[in-house]
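> Sequence and predicted model, in that order:
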Amino acid sequence: MAEFGKQLSVVETTIPGLVVFELPVHGDSRGWFKENWQREKMTALGLPDFGPVQNNISFNDAAGTTRGIHAEPWDKWVSVATGRIFGAWVDLREGPSFGAVFTTELDPSRAIFVPRGVGNSYQTLAPDTAYTYLVNDHWSPDAAYSFLNLADETAAIAWPIPLSDVEISPKDLAHPRLADVTPIPRRKTLVIGAGGQLGAALRSGYGEDPAVEFAMRADLDLTDPDAAASRRWRDYGTIVNAAAYTAVDTAETADGRRAAWASNVSGLATLAGIAAANGITLVHVSSDYVFDGSLERPYREDDAVCPLGVYGQTKAAGDAIVATVPRHYIVRTSWVIGEGKNFVRTMASLAERGVDPRVVDDQTGRLTFTEDIARGIRHLLDVDAPYGTYNLTGAGEPTTWADIARRVYELTGHDAERVTGVSTEEYFAGATGPVAPRPTNSVLDLGRIEDTGFAPADAAASLESYLRV
C-alpha cells in the first residue's frame, strides 16, 4: 500500500548512480495522486537531467511474476502505478562496481533511477501490478545489452517468493551467470580533430584507452547534418572538439570567411545539437581572440566578448552555441604550441640559420603547450568539474612574442640580442595579403580552473622542456 504524507527525498544505494526516490502521494476517499516524474524538482535533488524519450508499462496479473535481469545502454526511471514489487538491481557496467547488488521494495510512493548498464529485475508482490519506466533512448538491435541469470549464486538475490514457485520466461531462465556476463562498456569519448596539434596531444594523453575514439575532421562532416546523425550517439558520453579553422589572416578573405564560419559555427551548431539531444558532455576549445585585448588586467571567463576579426567572431559565436548545451566545457586558451610548425620551432630554425628576426613586442600573453591543454581537459572530465567556461594557458609571468623569441635564442645557444622587437603595425607594414587584427592583451586569468585542483604548467619551464626534446 502506498505510504501517504512523504516528502520528496532521495535515498542513496550501494550501486553508484542508482538512487531511490520517496514520492509524495496525496490521497482521499476517491483514491490518490502523485507527481511520478517532475523534472525540475528531481534534478534539483541530484537526478541527472536524463531526457526520457519513451514511457513503457508492464502489467502483471499475478503476484510472483518475475522478470530480468536486463541491462541496457540507457537510463531508466522505474516506478509502480498499482501494486507492489520487490526490485533487484545488479551493476553490470564495466568497472570496479561490477557485480554490486541492491534490493528494495517499490510501491506507488517510491521510484528508482537506474543508470545505464545496471541490470534491472523485479518480482511482483501483489496481483494487478503495473510496472512503468521511462527510458532515454529507443530500442536498437545494434545496442550493447547484458543479461544475468535470476538465480545467479554470486548475486545471491533473496527473492521473497522462491524462483521455483513463480512464472519466469524461458529467455530469463537461460541468461548466463555473472562470471560469463559481458559487461556494458563505458560510454565512449570521441575526439574530433585528431590530426591537429591538440588532437595529437590528446591521443598521447589517452594512450590506448579502448573507450576513446579519434576522428579526423574529414571522418565526420559536421557541415552535413544527415551524415553526422548517422552515428549511434547514445554510446558516447563525451565529445572533445579539437577541430577548428585557425587561419586568422586568411579568414579575412571572402573564401576564408565562408570556411571559418562553416567550420567554427555551422558545423559546431550541428555538434552542439547532437550533444544536447543525447546527453553528451561537449568539450570545446576556444581562443583569446574572442576578446579585443583592451583590458589592463587578465581576462576572466565572464568578461564580455569583443572580437576584433573574423576568426575571433566565429570563435565567440561558437562559444555562445556551446553554452546552450546542458553539459559543456568551453576551454579558452592562447598562444598554442604543439607538434609541427609553430612560433617556437620557427624561431629555433631562424637562430640556427643565422637569421636576425623582427618580432612583435606589443602583444602580451603566455605560451600554452598542447600537452597542458590535453591534461586540463582530462582533469575537468575526471573530477566532474562544474560545467561552464575555463581559461587554460601556461602559468607564470606574461611576456611578449619578442621576449619569447629571445628566450628561444638563449636556450638554443644563440645571442638573444639578435632579436629586434617591433610593433604589430611595423611588423605587418607592407603586407601583401589580409592581416587580421590581434588582441594586444591575451593574458587569461587562471583562477577558476585552479580552483578545481588543476595546476597549469609554468610556461617558461614548459618552453625549456619543449626545446630539449
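Received the coordinates, thanks.
> Contacts only, for Val166.
Val166 makes contact with Gly64, Thr65, Thr66, Gln123, Trp159, according to C-beta atoms under 8 Å, 6 or more residues apart in numbering. Heads up, the C-betas are built off the backbone N, CA and C, glycines and all.
> Tell me who's in contact with Arg187.
By C-beta under 8 Å, 6+ apart, the contact list for Arg187 reads Pro73, Arg116, Ala211, Asp235, Tyr236, Gly237, Thr238.
> of those residues, closest to Val435?
Distance to Val435, by C-beta to C-beta, is smallest for Thr238 among the contacts of Arg187, at 37.2 Å.
> which is the next helix or strand following the helix or strand encompassing the closest one?
Per DSSP states H and E, Thr238 falls inside strand 236-241. Using DSSP H and E, the helix or strand that follows strand 236-241 in sequence is helix 254-261.
> Can you pull out the residues in contact with the helix or strand of the chain with the lowest mean pLDDT?
Across the helices and strands of the chain, mean pLDDT, DSSP states H and E gives its lowest value to helix 225-228, namely a mean of 70. With contact meaning C-beta under 8 Å, 6+ apart, helix 225-228 is reached by Leu220, Asp221, Leu222, Thr270, Leu271, Gly273, Ile274.
> Just send the contacts of Val166 back as CSV, with secondary structure and neighbour count too.
Below are the contacts of Val166 laid out as CSV (DSSP: H, G, I helix; E, B strand; the rest coil; neighbours: other C-beta atoms under 10 Å):
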residue, secondary structure, neighbour count
Gly64, coil, 19
Thr65, coil, 22
Thr66, strand, 23
Gln123, strand, 26
Trp159, coil, 18
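> Taking these together, which two end up most distant?
Thr65 and Trp159 (11.8 Å).
> Any chance you could list residues touching both of the two?
Taking C-beta under 8 Å, 6+ apart as the contact criterion, the common neighbours of Thr65 and Trp159 are Gln123, Val166.
> Which parts of this protein belong to which domain?
9-180, 188-468 (automatic domain parsing).
> so how far is the first residue of the longest one from its last?
What it means is domain 188-468. Length of domain 188-468, first residue to last, C-alpha to C-alpha, to the nearest Å: 35 Å.
> Please apply the same query to stretch 425-435.
10 Å.
> What lies in contact with it?
With contact meaning C-beta under 8 Å, 6+ apart, stretch 425-435 is reached by Asp249, Thr250, Glu252, Thr253, Gly256, Arg358, Val359, Val360.
> picking up where we left off before, name the member of the contacts of Arg187 that has the highest neighbour count.
The most crowded member of the contacts of Arg187 is Arg116, carrying 24 neighbours; neighbours defined as other C-beta atoms under 10 Å.
> and that one, helix, strand or coil?
Counting by DSSP: H, G, I helix; E, B strand; the rest coil, the backbone at Arg116 sits in coil.
> So for it, what pLDDT did the model give?
In this model, Arg116 is scored at 94, pLDDT.
> residues touching it, list them.
Glu72, Pro73, Trp74, Asp75, Arg93, Ile184, Arg187.
> swap the cut-off to 10 Å and go again
In this structure, Arg116 makes contact with 17, 50, 71-76, 93, 135-137, 144, 184, 186-187, 234-235, 237, 279, judged by C-beta atoms under 10 Å, 6 or more residues apart in numbering.
> hey, what's the spatially most central residue of the chain bridged with?
In the chain, the residue lying closest to the centroid (C-alpha atoms, centre = their mean) is Thr281, at 2.7 Å. Beta bridges link Thr281 to Thr238, judged by DSSP bridges.
> I'd like the distance between it and Arg234.
13 Å (C-beta to C-beta, to the nearest Å).
> same thing with Trp32?
35 Å.
> which one of the two has more residues nearby?
Between Trp32 and Arg234, counted using other C-beta under 10 Å, Arg234 has the larger neighbour count: 21 against 12.
> so Val331 sits in a helix?
No - read with three-state DSSP, Val331 is strand and lies in no helix.
> Hmm, Asp165 is touching Thr65, no?
No - judged on C-beta atoms under 10 Å, Asp165 makes no contact with Thr65 at a distance of 11.6 Å.
> just the strands in the stretch 351-469 of the chain please.
358-360, 364-365, 368-369, 388-391, 399-400, 420-422 (DSSP state E, counting those that start in this stretch).
> Nice, that's everything, thank you.
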